[in-house]
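Q: need a structure here:
(one chain, ligands or ions: 2)
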Amino acid sequence: MSHNNNDLTLSAPLSGPVLTLGNVPDEVFASGAMGDGIAIDPLNDCLHAPCDGVVIHVARTGHALTIRADNGAEVLLHVGIDTVELKGEGFALLVKEGARVSNGQALVRFDLDRIARQCKSLISLIIVTNGDQFELQPIASQTIKVGEPMLRVVSRHASTARTLVADNAHTEANASIRITHRGGLHARPAALIRKTAQGFSSQSHLHFAGKSASCDSLIGLMGLGIGEQDEVQVTCRGKDCDAALQALIAALSVAVSEESHAPVAVTPRPANTEAGVLQGVCAAPGLVCGPLFRLNGIELPQDPGNHSADEQLQHLDSALEQVRSEIRNTLDHARQRKAVEEEEIFAAHLALLEDPTLLEAATGSIEQGNAATHAWRDAIQAQCAVLLALGKPLFAERANDLRDLQQRVLRALLGEAWHFELPAGAIVAAHELTPSDLLQLSAQNAAGICMAEGGATSHVAILARGKGLPCVVALGSEVLDVPPGQRVVLDAVNGRLELTPDDARHAQVHQIRDAQKLRRQEQQAQAQAPAKTLDGVSIEVAANVASSAEAQIAHENGADGVGLLRTEFLFVDRRTAPDEQEQRQAYQAVLDAMGDKSVIIRTIDVGGDKQLDYLPLPAEANPVLGLRGIRMAQVRPELLDQQLRALLQVSPLQRCRILLPMVSEVDELLHIRQRLDELCAELELTQRPELGVMIEVPAAALMAEQLAEHADFLSIGTNDLSQYTLAMDRDHAGLAARVDAMHPALLRLIAQTCIGAAKHGRWVGVCGALASDPLATPVLIGLGVSELSVSPPQIAEIKDRVRHMDAAQCRQLSLGLLNLSSAKAVRQACQHHWPLS
Ligand code: PEP
Ligand code: MG
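A: Ligands and ions are numbered 1, 2, ... in the order given. All right, here's what the predicted structure looks like:
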């Protein structure tokens with residue numbers, strides 16, 4: 001189709017305050033990735049055509065459409081932010097794709113209140129998506145009414161020609177830059193280059209080894225294969241070419257040198273020093289061998305072809321939009337946690353999803369009658385092949401990012417839940433798993449888990465320990481390159497993944513496992529008996545559970561009680577909040593599963609790294625230091641009241657103990673105690689359950705004596721106590737080996753907690769991961785802990801360990817550990833004093 005290329009004035013499609021794109025609360029629009037334009041915060045409920053033209057695309061969900069004006073400008077009109085999630089509800093389309101519309105014509109009517117209530121923002125976008133051919137000049141800057149002139153769209157063909165005549169010397173600028181650092185122009189730096197180029201109206205290209213790529217295309221840039229010591233030409237064409245060139249040179253230097261210090265794929269972690277062995281960090285112990293299964297494959301059946309291109313394009317559009325919005329969520333979280341690397345990686349993923357090369361390839365294939373699924377897969381695989389053919393490891397690794405996106409979009413297209421067919425006894429390798437992945441893998445009898453990323457105290461790790469599923473985290477991205485089906489050995493205790501074990505090693509692993517099995521059977525035979533040290537000190541060995549089913553297993557495994565029920569995991573896969581009655585039933589079920597044993601139920605601990613769909617909390621700059629744990633009662637007191645009421649109605653109430661997470665001052669405890677008394681009175685209860693406090697921030701440990709005056713017991717959460725004492729994120733892959741509760745500072749806080757509690761005759765338990773570590777058992781006994789709440793599969797082992805200890809000797813030797821120089825030194829000393837056989 002030919003266009004008149006005339007300049008055009010767009011009129012306002014909505015009434016309301018006008019904003020520049022930079023002020024739009026959405027990364028993609030704000031960055032200009034979709035094109036240049038303007039935004040309006042609408043006060044009316046109908047979108048009008050900003051010009052005469054043809055509707056060339058309508059989103060199935062009615063929230064967005066694109067009009068091609070007669071001068072060829074393609075104007076995307078997008079109502080609200082993340083409105084795709086309304087799935088069409090609240091939108092009434094008044095025009096069809098292909099219709100010719102005239103300036104001011106009503107296009108879409110929408111429910112203003114609904115969008116305001118259910119979506120991120122009402123702010124609506126007017127974007128010229130083929131901005132390379134047009135230059136935009138805003139006319140309105142404040143509040144505007146429908147039909148008023150808003151934006152000039154000036155054809156670049158005309159304006160460039162004019163500039164060329166006026167000032168030919170300044171329409172093109174170029175320079176060379178040598179890449180001196182290790183690394184190269186792969187996903188993250190390429191995304192930075194792309195973003196930089198988008199800040200200018202000039203068109204910029206990089207040229208290398210006879211190939212060129214537009215700076216608009218991440219894939220194009222990566223496909224150049226620019227690496228260390230390569231000399232690259234940069235050209236910028238346009239009226240701001242000089243400034244664009246300077247900015248790109250600066251971005252190239254920064255991007256590439258930064259990459260050399262912090263390469264995306266090489267997260268700091270234990271070094272791989274042994275050939276054929278990947279070294280990571282133990283998240284759940286065990287020794288297993290089996291075939292490796294890479295978790296990501298969706299196999300598509302043969303495509304019969306002949307699909308309706310329009311339909312398939314719409315499918316692809318909405319799948320892409322769904323994945324983009326998931327990634328945007330991840331980005332928001334990463335940003336809140338100031339996880340810069342994660343943010344950069346996902347920003348690159350987002351850019352890849354918008355990459356013109358990729359989208360054009362997929363669209364082209366769909367237009368030939370292929371299904372959106374196959375078109376997307378083929379487009380990705382073609383790009384992976386380009387990256388792999390470069391023969392440079394860093395670029396080959398980026399193919400993994402593309403494959404990730406391939407899977408995510410395919411899942412969205414197929415409307416598939418995360419589902420995988422596991423070969424029996426497989427050792428699963430994944431980038432990083434979520435708690436729900438892990439639950440599914442465990443249900444499918446995976447033998448072990450290894451992850452490129454992740455931390456040993458993450459909730460996935462906790463779940464793996466709970467399931468007795470050997471798990472190693474922070475292995476690095478090499479683990480994703482191991483060919484599927486290869487037989488490997490996962491020596492989780494030592495954080496090792498052996499890639500090429502020989503037959504003798506296999507036989508040895510089987511032998512060790514048989515011996516362990518025998519020992520476990522012996523321990524298991526004693527598991528129901530109480531655990532006493534050699535000198536007669538009773539240590540209660542309870543279990544950490546997340547459901548009544550786990551409580552049942554714990555009971556069968558000999559748990560002396562439940563030491564921690566994490567109530568936030570009870571309804572984890574729910575979208576609606578459980579009411580009081582449902583909660584009561586869930587708590588009662590755990591009590592019932594435990595026979596006559598006591599159950600410690602922790603009030604809900606959301607916030608930080610634990611988020612629940614049914615309980616959205618305000619976004620925070622630093623959620624781990626924000627409204628988490630008991631602090632949530634500050635903003636949602638009714639939720640805590642509801643939970644306490646549910647807890648007070650279980651029977652028998654004396655078997656239920658209530659535990660408060662993240663307490664940091666005595667007043668918090670006093671406040672909840674008082675509230676509990678009021679609720680008991682309301683429910684006409686004569687007895688009151690015991691109330692305990694978690695010691696998981698240093699402030700609580702330091703105030704243990706004062707807390708113990710008002711609490712019935714204290715329970716130390718070593719996972720968070722390590723994180724907050726050592727100032728190391730418990731989920732940080734690079735710090736996983738160092739977030740170790742055996743650090744002498746932690747041991748001092750544990751000692752102080754026990755001394756403070758003893759002054760008021762209170763008992764102290766440990767429910768963090770340290771309690772499940774047999775090396776720590778004598779230390780905890782020695783420091784005065786009398787209850788260990790461990791993961792259910794480890795009850796028998798920890799009881800056995802207790803029975804081999806002399807408490808007096810533990811007391812004497814553990815004091816010496818407080819003066820050692822590091823967690824490592826403590827561990828060495830423990831091995832020496834109380835060797836693990
Ligand atoms: C802890 O912090 O040690 C703890 C037991 O709580 P969670 O792991 O659930 O944060
Ligand atoms: Mg905690």
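Q: where exactly do the helices run in the stretch 401-550 of the chain?
A: With helices called from DSSP state H, counting those that start in this stretch, the stretch 401-550 of the chain shows them at 435-443, 459-467, 503-525, 548-556.
Q: which helices and strands does the second one pack with?
A: In this structure, helix 459-467 makes packing contacts with strand 281-284, helix 435-443, strand 471-473, strand 538-545, judged by 3 or more Cβ pairs under 8 Å, 6 or more residues apart in numbering; DSSP states H and E. In this view, the C-beta of every residue, glycine as well, is placed from N, C-alpha and C.
Q: Among these, which comes closest to ligand 1?
A: Of all these, strand 538-545 sits nearest to ligand 1, with 7.1 Å by Cβ to the nearest ligand atom.
Q: what's the angle from the closest one to helix 548-556?
A: For strand 538-545 against helix 548-556, the angle by axes from the mean of the first three to the mean of the last three Cα atoms, to 10 degrees is 150 degrees.
Q: helices or strands next to strand 538-545 in the packing?
A: Packing contacts for strand 538-545, counted by 3+ Cβ pairs under 8 Å, 6+ apart, involve helix 459-467, strand 531-532, helix 548-556, strand 561-566, strand 787-790, helix 795-803.
Q: With mean pLDDT and distance to residue 218 as added columns, please give the ones you listed in a markdown table.
A: Below are the helices and strands packed on strand 538-545 laid out as a markdown table (pLDDT from 0 to 100; distance: least, Cβ to Cβ, whole Å):
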| stretch | mean pLDDT | distance to residue 218 |
| --- | --- | --- |
| helix 459-467 | 75 | 30 |
| strand 531-532 | 98 | 58 |
| helix 548-556 | 93 | 44 |
| strand 561-566 | 97 | 40 |
| strand 787-790 | 98 | 47 |
| helix 795-803 | 97 | 50 |
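Q: mind showing which ranges of the stretch 201-350 of the chain have poor pLDDT?
A: 228, 254-273, 296-299, 334, 336-342, 345 (pLDDT under 70).
Q: Who are the contact partners of the closest residue to ligand 2 within the stretch 51-200 of the chain?
A: Residue nearest to ligand 2 within the stretch 51-200 of the chain (Cβ to the ion): residue 120, separated by 29.9 Å. Residue 120 is in contact with 25-26, 80-82, counting by Cβ atoms under 8 Å, 6 or more residues apart in numbering.
Q: wait, residue 279 sits on residue 495?
A: Yes - here residue 279 reaches residue 495: they are 6.0 Å apart, a contact under Cβ atoms under 8 Å.
Q: Neighbour count: those two, which is higher?
A: residue 495 (24 against 19; other Cβ atoms under 10 Å).
Q: give the contact list for the more buried one.
A: Applying Cβ under 8 Å, 6+ apart to residue 495 gives the contacts 270, 279-282, 472, 737.
Q: hmm, 6 Å instead?
A: Residues near residue 495 by Cβ atoms under 6 Å, 6 or more residues apart in numbering: 279-282, 472.
Q: Tell me the pLDDT of the closest residue to ligand 1 within the stretch 101-250 of the chain.
A: Nearest to ligand 1 in the stretch 101-250 of the chain, going by Cβ to the nearest ligand atom, is residue 120, at a distance of 28.8 Å. Residue 120 is assigned a pLDDT of 81 by the prediction.
Q: State the number of residues packed around the closest residue to residue 90 other than its chain neighbours.
A: Among residues not flanking residue 90 along the chain, residue 111 sits closest, at 3.7 Å (Cβ to Cβ, 6 or more residues apart in numbering). For residue 111, the neighbour count with other Cβ under 10 Å is 15.
Q: got it, and the one 3 residues further on?
A: As a burial measure, residue 114 scores 15 neighbours (other Cβ under 10 Å).
Q: where's the most centrally placed residue in the chain, which helix or strand?
A: Against the mean C-alpha coordinate of the chain, by Cα atoms, centre = their mean, the closest residue is residue 330 at 5.8 Å. In this assignment (DSSP states H and E), residue 330 forms part of helix 309-336.
Q: Just give me how far the following helix or strand past that helix sits from the chain centre.
A: Next along the chain after helix 309-336, taking DSSP H and E as the criterion, comes helix 340-353. Offset of helix 340-353 from its chain centre (Cα atoms, centre = their mean, to the nearest Å): 12 Å.
Q: just checking, what packs against helix 340-353?
A: helix 187-198, helix 309-336 (3 or more Cβ pairs under 6 Å, 6 or more residues apart in numbering; DSSP states H and E).
Q: Could you provide the ones you listed in a markdown table, with additional columns for distance to ligand 1?
A: Compiled in a markdown table, the helices and strands packed on helix 340-353 are given as follows (distance: least, Cβ to the nearest ligand atom, whole Å):
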| stretch | distance to ligand 1 |
| --- | --- |
| helix 187-198 | 31 |
| helix 309-336 | 17 |
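Q: Just name the most buried of those helices.
A: Mean neighbours per residue, mean count of other Cβ atoms under 10 Å, is largest over these for helix 187-198, with a mean of 24.
Q: And that one, what does it pack against?
A: helix 218-223, helix 241-261, helix 340-353.
Q: residues touching residue 760, list them.
A: Listed by Cβ under 6 Å, 6+ apart, the contact set of residue 760 reads 708-709.
Q: make that residue 742, sorry
A: Residue 742 touches 823, 826-827, counting by Cβ under 6 Å, 6+ apart.
Q: quick one: which of these is nearest to residue 796?
A: Distance ranking of the contacts of residue 742 against residue 796, using Cβ to Cβ, places residue 827 first at 22.9 Å.
Q: Give me the phi and psi angles of that closest one.
A: Here is the backbone geometry of residue 827 (degrees, to the nearest 10): phi -60, psi -40.
Q: residues from the stretch 401-550 of the chain in reach of ligand 1?
A: Counting by Cβ under 6 Å from any ligand atom, the stretch 401-550 of the chain comes close to ligand 1 at residue 462.
Q: ditto for the stretch 551-700 of the chain
A: By Cβ under 6 Å from any ligand atom, the residues of the stretch 551-700 of the chain that approach ligand 1 are 564, 566, 605, 696.
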